[in-house]
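Participant: what would the 3D arrangement of this be:
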Amino acid sequence: MKQELVDVETQIAALNLLDVQGIDWERVQRTAYLIHQHFRYDYPGPVRELQQRLLIVPPDVYGDQKCIMHRLDVSAHVAETTGEVDKFGNTVVMLSIPLIERSIDFEAWIVVERFADHGPHFLPGDVLTGSSYREPSVLTLPDEALRRVAAMLLEGEQEQERRQPAALAGRINDWVHNALSYEHGATGIHTTAAQALALGRGVCQDYAHLMLALCRLCGLPARYVSGHLLGEGGTHAWVEILVPAPELPSEALALALDPTHGCETDLHYITVAVGRDYYDVAPTSGTFQAPYQGELTASKRVGPISLEYAGSD
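Facilitator: Predicted coordinates for the structure are as follows:
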């Protein structure tokens, strides 16, 4: 049985991706995606007692998304591997590696399914009242400029729209999309929402942090989403607004918006993790014993490997 599983995983790793441009997305009912990621750390010399944290495996079930299988290969001897679910519901893999001579590689193959007709993404209602997604986080701390923008966005809402969180969220999404210019290298992983707004430039992480800061200032609980977008080279980030579910007082709805592209998400998006900001969902992190730093290089390929159209057999 174990050999059969290895053979199946090997076959999956060798699958070719379908041409995204050739898919009639309006008719897609179900699609399966392959996520293949490679992370490599290079060090100037030996490294001891590496405690590596990987947040690259999607949850087993997330709305209309389901994780079918995942496999992780590590080039060095692993003393211990543990899996856990963090307080945000993310799947975390922890690796203990006693010695690395000069480099280490992590290679992952993941298959997920998404369904177009599964309806809204429901969550327990307590996410609406908890402080995690309402209060500022380290990377979304507001300054006076952000507070002025939030006040302006609230003033621009009609009274009827104020009672509809989705309408306000859409307005914030549009504003953030137009407030920044996309530019690699202008910001880093420690850039805050306030700094990105002052620069007027950034990448998807900065768009998400800016939107989170404004949503929370406007009274909308919201969370950072890390995942993949078909056609994007690196990990992508967007935002989920958490709103009361109509006629279901004990539940909430997650409305996913992408301020980088100024749109709602669709089947082109694959969710990996959620949190207050990037610090909660960094794909790789860890500690080790050595008097020097390592250098990380990463690559990935993501795309559909099978699909079903509406009305097909």
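Participant: next, the distance between the ends of stretch 196-205.
Facilitator: Using Cα to Cα, to the nearest Å, the end-to-end distance of stretch 196-205 comes to 10 Å.
Participant: may I see the buried residues of it?
Facilitator: Using 16 or more other Cβ atoms under 10 Å as the test for burial, stretch 196-205 gives Ala196, Leu197, Arg201, Gly202, Val203, Cys204, Gln205. Just so you know, the C-beta spots here come from the backbone N, C-alpha and C atoms, and that holds for glycine as well.
Participant: quick one, phi psi at the second one?
Facilitator: Meaning Leu197. Torsion angles at Leu197 (phi, psi; degrees, to the nearest 10) stand at phi -60, psi -40.
Participant: that one and Glu144 touch, don't they?
Facilitator: No: using Cβ atoms under 8 Å, Leu197 is not in contact with Glu144, being 11.0 Å away.
Participant: and the two most separated of the buried residues of stretch 196-205?
Facilitator: Greatest spatial distance among the buried residues of stretch 196-205 (Cβ to Cβ): Leu197 and Cys204, at 15.1 Å.
Participant: tell me the contacts of the nearest residue to Ser103 once chain neighbours are set aside?
Facilitator: Of all residues not flanking Ser103 in the chain, Asp42 sits nearest, at 4.7 Å (Cβ to Cβ, 6 or more residues apart in numbering). Going by Cβ atoms under 8 Å, 6 or more residues apart in numbering, Asp42 touches Arg102, Ser103, Gly294, Glu295, Thr297.
Participant: quick check: Val302 vs Gly311, distance?
Facilitator: Per Cβ to Cβ, to the nearest Å, Val302 is found 27 Å from Gly311.
Participant: same deal with Thr140?
Facilitator: For Thr140, the distance to Gly311 - Cβ to Cβ - is 44 Å.
Participant: mind telling me which residue is nearest the centre of the chain?
Facilitator: Centroid check for the chain by Cα atoms, centre = their mean gives Ser226 as the closest residue, at 1.0 Å.
Participant: off-centre distance for the one helix or strand Glu84 maps to?
Facilitator: Under the criterion of DSSP states H and E, Glu84 resides in strand 80-85. Chain-centre distance of strand 80-85: 20 Å, with Cα atoms, centre = their mean, to the nearest Å.
Participant: the very next helix or strand once past it pairs with which strands?
Facilitator: Going down the chain from strand 80-85, the next helix or strand is strand 91-100, by DSSP H and E. When pairing is defined by DSSP bridges, strand 91-100 lines up against strand 47-57 (antiparallel), strand 80-85 (antiparallel).
Participant: got the domain ranges for this protein?
Facilitator: As assigned by automatic domain parsing, the chain contains the domains 18-117+282-306, 122-281.
Participant: got TSV for those domains, with mean pLDDT too?
Facilitator: Formatted as TSV, these follow (pLDDT from 0 to 100):
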stretch	mean pLDDT
domain 18-117+282-306	95
domain 122-281	93
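Participant: return the most buried member of the ones you listed.
Facilitator: domain 122-281 (a mean of 19; mean count of other Cβ atoms under 10 Å).
Participant: ends of it, what's the gap?
Facilitator: OK, domain 122-281 end separation, Cα to Cα: 21 Å.
Participant: now do Thr91 against Ala256, distance only.
Facilitator: Thr91 is 19 Å from Ala256, where distance means Cβ to Cβ.
Participant: one more: His70?
Facilitator: When His70 is compared with Ala256 (using Cβ to Cβ), they lie 22 Å apart.
Participant: all helices in the stretch 1-150 of the chain, in order from the N-terminus.
Facilitator: Along the stretch 1-150 of the chain, counting by DSSP state H, counting those that start in this stretch, helices occupy 2-13, 144-155.
Participant: who are the contact partners of Glu183?
Facilitator: Contacts of Glu183 by Cβ under 8 Å, 6+ apart are Arg201, Gly202, Val203.
Participant: who does the second one bridge with?
Facilitator: Right, the one you point to is Gly202. Tyr182.
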